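# Test case, fold it:
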Amino acid sequence: MKEIGETQGNKNMKKLVGGNLFFFSLFMQKQKGGNKKKMELRKKALTLMAQGHEMWLEKAKIEDGNVELALLYGHNMRADGTADPERITPIVYSPDGTTLEPALTSKEDHHLLTFKAEKEGHYTAIVDLASVILSQTKEGYHVGPRFKFKNVIYAGAYHQMAKRIVPIGDVGTYHGELVHGILEIVPEDIRCEVGSEVELTVYYEGKSLASAEVKAVSKNEGKEMALVTTDEKGIARVPITGEGEWMFLVRHRDPTKKVSEEYDESVFVSTLVIETVEG
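Below you'll find the predicted structure:
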């Protein structure tokens, strides 16, 4: 009879349990159960996007050009679950325009992005979350297109992006520009002082987006501190009332981007985190 599990790891486990296939089978069942539970939690985390959950980048550590950023998922800068690592694509734009591929390490309540900044200047870290289709029924939200479920009330394709600009060394003057993404927030300056305003421009498909709502969240407060609508040039001026990291979030719905029997519209969510500095 063919033995169960011929990988080296399984052979080692059989040795640990004294070759007893009953205990080995029990171990494998628990392992499969754990993986199934993890998948269910990830699906639940994805459905929370429809209720306002987003991802953002916080500073973990910057030392001698070694940059560590924490990617979190939740609401109002409070973690609630984690983004599915299989759906994450991180990239870093260096000062000279070349791109870096940061390492991604999964932790219990966040993912860690690490990269080496070899040159002085501004580095723009971006994380894309692959498109997720969510369908709503009376029972709640489900992952999958409209045709997979009965009595669907609404279905949307959700796209998320998180952004952070990291200054390294003698950076000089910051020049805000589009670097990535369909929906992107571009700051006029990355110096953020308490008592001042941050000027942000929102772009959609490369053009400034008027009448977009920009939500400002303070990490220290853990809540929304301001909600500002962009003007005809896509510009929002947001007051900064406290120290620490601030997340700026914009959400845009596009009913023209739809697929019959799959989803009714596309929903884009983009965040930018800036930390205050002393004047």
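
# Contacts only, for the most centrally placed residue in the chain.
With distances taken as CA atoms, centre = their mean, residue 55 lies nearest the centre of the chain, 3.2 Å away. Contacts of residue 55 were listed using CB atoms under 8 Å, 6 or more residues apart in numbering, and they are 71-73, 83, 127, 129, 160, 162, 271. C-beta here means a position set from N, CA and C on the backbone, and glycine is covered the same way.

# Looking at the residues you listed, which is nearest residue 95?
Of all these, the one with the least separation from residue 95 (CB to CB) is residue 127, at 19.3 Å.

# Next, find the distance separating that closest one from residue 248.
15 Å (CB to CB, to the nearest Å).

# try residue 220
15 Å.

# can you check residue 268 too?
On the measure of CB to CB, residue 268 and residue 248 end up 15 Å apart.

# Pretty sure residue 148 sits against residue 133.
No. Look at residue 148 against residue 133 with CB atoms under 8 Å: they stay out of range, at 9.1 Å.

# These two: which is more packed in?
Set side by side, residue 148 and residue 133 show more neighbours around residue 133, with 19 against 14, by other CB atoms under 10 Å.

# contacting residues around that one?
Contacts of residue 133 (CB under 8 Å, 6+ apart): 143-145, 155-158, 262-263.

# what helix or strand does residue 189 sit in?
Using DSSP states H and E, residue 189 falls within no helix or strand.

# For it, list the residues it contacts.
174, 176, 198-199.

# and which of those residues is nearest to residue 188?
Closest approach to residue 188 among those (CB to CB): residue 199, at 3.9 Å.

# May I ask you to confirm that the closest one belongs to a strand?
Yes. Under DSSP: H, G, I helix; E, B strand; the rest coil, residue 199 falls within a strand.

# Near the residue nearest to it when sequence neighbours are not counted, how many residues? Count them for me, please.
Distance criterion CB to CB, 6 or more residues apart in numbering; nearest residue to residue 199, sequence neighbours excluded, is residue 188 at 3.9 Å. Neighbourhood size, residue 188 [other CB under 10 Å]: 15.

# can you list the domains in the chain?
Domain ranges of the chain: 8-43, 89-94+119-275, per automatic domain parsing.

# what mean pLDDT does the last one have?
So that's domain 89-94+119-275. Averaging pLDDT along domain 89-94+119-275 yields 96.

# how long is that domain end to end?
24 Å (CA to CA, to the nearest Å).

# what separates it from the chain centre, distance-wise?
Domain 89-94+119-275 sits 9 Å away from the centroid of its parent chain (CA atoms, centre = their mean, to the nearest Å).

# beta partners for residue 203?
Beta-bridge pairing for residue 203 (DSSP bridges): residue 184, residue 208.

# Counting neighbours, what do you get for it?
If you count neighbours by other CB under 10 Å, residue 203 ends up with 20.

# where does the stretch 1-150 of the chain have low pLDDT?
Applying pLDDT under 70 to the stretch 1-150 of the chain flags the ranges 1-43.

# quick one: strands adjacent to whichever strand or helix holds residue 55?
Secondary-structure assignment from DSSP H and E places residue 55 in strand 54-63. According to DSSP bridges, strand 54-63 forms sheet pairs with strand 66-75 (antiparallel).

# if we look at the very next helix or strand once past the strand it pairs with, which residues are touching it?
Per DSSP H and E, strand 66-75 leads on to strand 78-79 as the next helix or strand towards the C-terminus. The contact list for strand 78-79 (CB under 8 Å, 6+ apart) reads 72-73, 109-110, 222.

# from those, which is closest to residue 206?
residue 73 (27.1 Å).

# ok, that closest one touching residue 85?
No. Using CB under 8 Å, residue 73 makes no contact with residue 85, being 10.9 Å away.
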